[in-house]
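>>> pasting a predicted model and its sequence here:
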Amino acid sequence: MIDFSQLPAPCFVLDETLLDRNLAIIDRVRRESGAEIIVALKACAMWSIFPGLAAHSDGATASSAAEARLVFEEFGRPAHTYAPVYSDRDFDEIMRCSDHITFNSVAQFERFGQRALINGISCGLRINPGYSPVETDLYNPCVAGSRLGIVPEQLDELPAGVEGLHFHVLCESRPEHLQKALDAVEQRFGRFLDRIKWLNMGGGHLMTHADYDCDGLIRILKRFKARHPHLRLILEPGSAFTWRTGYLVSTVEDIVENGGVTTAMLDVSFACHMPDCLEMPYKPAIVGAHEPASGEKRWRMGGASCLAGDYCGNWAFDRELQVGERIVFEDMIHYTMVKTTMFNGVHHPAIVIVRRDGRTDLVRSFGYEDFRNRMS
């Protein structure tokens, strides 16, 4: 049991025992399906846990030169890299740090592909199969007019040198959604599947969710492999590795009332530290809080930035909140640290790991110099 009152606030906290639970599930899927599962850095680039992730995965995937270098140097192996667009400025570094590179368009492959092939890098194309279960347009790569991936009518022939295809259409999705995506791929791009060596099924496979049907996922992958036995099958989940493995610890610094709304003012920011709460939007769980019942006092959580909309809520508690007490947000390791900003110069949360033996390690803290050094 973590004593949050003894941790520095604000801070992100990763619990190694919760991470171990996820890694065991991922290992089972790898073992029983035969698919390769690689870590998507875009969800969590917390390189202090890379040794553990590397031992329970088949590599990592990057979306930029910086991520590719982090994989190469800290994960200890070349990256699978896909970015929506490459530039001359970054491509040499991406090649140095990658052994697979996926291109978003035929034009980008024609511009950079030969350089990659000469360097022994396996090249692929991102395809857009026209199916995604994602309902929020901000996260839907198959929305009308999407800039992501090649649609079937733009790919009459597979360019020479292309060894793989890559699609990414899921987001915290279930096996039945993957099945529909594979059906769309086979229907629209099936003529190419016997001419490639690998198929990357992207991320969004939330196999560590308590209600996820891992047996169903394994069956889908094995059936697809039986139809295409020459293909390496690759999945690159992001959230699944660090799903429900940690927290964001904050402190109530003030309580304000206006128009019947009670707001607990925190030393963290939704805009700066939990942006998906505002973008998607969604309401995160808070340790010790519950959904307000009719007539129950409601508490809004207010962020520390000056953005008027930097708040979320409502929640109910079995007590009156007091200045100085901790508010602990659950499931705050994936798509949080990687998306934080220093807008307003608000205090940036430290990073803490709770070890398996109960020890707590402060692995990173931030201060004025971090804010100043991002500016000119």
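Thanks, I have it. Quantities reported herein were computed from a predicted structural model and do not represent experimental measurements.

>>> show me what contacts residue 142?
128, 129, 130, 131, 132, 134, 149, 169 (CB atoms under 8 Å, 6 or more residues apart in numbering). Where C-beta positions appear, they are placed from N, C-alpha and C, glycine not excepted.

>>> give me the neighbour count for residue 25.
18 (other CB atoms under 10 Å).

>>> grab the nearest non-local neighbour of it.
Distance criterion CB to CB, 6 or more residues apart in numbering; nearest residue to residue 25, sequence neighbours excluded, is residue 208 at 5.1 Å.

>>> the one you found: what secondary structure?
Assigned state for residue 208: coil (three-state reduction, DSSP: H, G, I helix; E, B strand; the rest coil).

>>> who wins for most neighbours among the contacts of residue 142?
Neighbour counts for these (other CB under 10 Å) peak at residue 169, which has 28 neighbours.

>>> break down the chain into its helices, ranges please.
16-33, 50-55, 65-70, 88-96, 106-118, 175-189, 214-227, 239-242, 270-273, 276-279, 368-373 (DSSP state H).

>>> nearest to residue 42, of the ones you listed?
Taking CB to CB, helix 65-70 is the member of the helices of the chain nearest to residue 42, at 7.3 Å.

>>> contacts for the closest one?
41, 42, 45, 47, 62, 79, 81, 90, 93, 94, 97, 98.

>>> and for the fourth one, the neighbour number?
It refers to residue 47. 15.

>>> touching, it and residue 71? I think so.
No - Residue 47 sits out of contact with residue 71 when judged by CB atoms under 8 Å, with a separation of 9.1 Å.

>>> okay, which residue is most central for this structure?
Centroid-nearest residue in the chain, with CA atoms, centre = their mean: residue 43, separated by 2.2 Å.

>>> check contacts around the residue lying closest to it once chain neighbours are set aside.
Closest residue in space to residue 43, ignoring its immediate chain neighbours: residue 238 at 2.7 Å, by CB to CB, 6+ apart. By CB under 8 Å, 6+ apart, the residues touching residue 238 are 39, 40, 41, 42, 43, 44, 203, 334, 335.

>>> again, but for residue 54
Counting by CB under 8 Å, 6+ apart, residue 54 has contacts 60, 75, 76, 77.

>>> same question for residue 144.
Counting by CB under 8 Å, 6+ apart, residue 144 touches no other residue.

>>> quick check: phi and psi at it.
Here is the backbone geometry of residue 144 (degrees, to the nearest 10): phi -50, psi 130.

>>> mind checking how far it is from residue 187?
Distance check for residue 144 against residue 187: by CB to CB, to the nearest Å, it reads 19 Å.

>>> repeat that for residue 131.
9 Å.

>>> what of residue 314?
Distance from residue 314 to residue 187, by CB to CB: 45 Å.

>>> can you flag the buried ones in the contacts of helix 65-70?
41, 42, 45, 62, 79, 81, 94, 97, 98 (16 or more other CB atoms under 10 Å).

>>> which of the residues you listed fall in strands?
Those of the buried ones among the contacts of helix 65-70 mapping onto strands are 62, 79, 81, 98, per DSSP state E.

>>> for the nearest residue to residue 325 once chain neighbours are set aside, grab the count of nearby residues.
Closest residue to residue 325 apart from its sequence neighbours, by CB to CB, 6+ apart: residue 252 at 5.4 Å. Per other CB under 10 Å, the neighbour tally for residue 252 reads 19.

>>> swap in residue 18?
18.

>>> contact partners for it?
Taking CB under 8 Å, 6+ apart, we find residue 18 in contact with 244, 245, 246.

>>> how about residue 320?
Here residue 320 is in contact with no residue (CB under 8 Å, 6+ apart).

>>> and it, how far from residue 296?
12 Å.

>>> what about residue 314 and residue 187, which has more around it?
Taking neighbours as other CB under 10 Å, residue 314 and residue 187 compare with residue 314 leading, 18 against 12.

>>> that one touches residue 297, doesn't it?
No - using CB under 8 Å, residue 314 makes no contact with residue 297, being 9.2 Å away.

>>> buried residues in the lengthiest strand in the chain?
Using DSSP E, we find that the single longest strand of the chain is strand 246-258. Of the residues in strand 246-258, 246, 247, 248, 249, 250, 251, 252 count as buried by neighbour count, 16+ other CB under 10 Å.

>>> tell me the mean pLDDT for it?
Averaged across strand 246-258, the pLDDT comes to 98.

>>> what's the answer for stretch 59-74, then?
On average, stretch 59-74 scores 98.

>>> put the alpha carbons of that stretch into CSV.
What follows is stretch 59-74, C-alpha atoms only, in CSV (Å, rounded to 0.1, in the frame of the first residue of the first chain):
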residue,chain,number,x,y,z
GLY,A,59,11.5,-4.0,-29.3
ALA,A,60,10.1,-0.5,-29.5
THR,A,61,8.6,1.8,-32.0
ALA,A,62,9.4,5.5,-32.5
SER,A,63,7.7,8.4,-34.2
SER,A,64,10.6,10.9,-34.5
ALA,A,65,14.3,11.1,-34.5
ALA,A,66,14.4,11.8,-30.8
GLU,A,67,12.3,8.8,-29.9
ALA,A,68,14.3,6.6,-32.3
ARG,A,69,17.5,7.7,-30.6
LEU,A,70,16.0,7.1,-27.1
VAL,A,71,15.1,3.5,-28.2
PHE,A,72,18.5,3.0,-29.7
GLU,A,73,20.4,4.3,-26.7
GLU,A,74,18.2,3.4,-23.7
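
>>> bridged to the closest residue to residue 365 other than its chain neighbours, which residues?
Spatial nearest neighbour of residue 365, chain neighbours left out: residue 350 (4.3 Å); criterion: CB to CB, 6+ apart. For residue 350, the beta-bridge partners are residue 11 (DSSP bridges).

>>> tell me if I'm right that residue 350 and residue 367 touch.
No - with contacts defined as CB under 8 Å, residue 350 does not count as touching residue 367, sitting 9.9 Å away.
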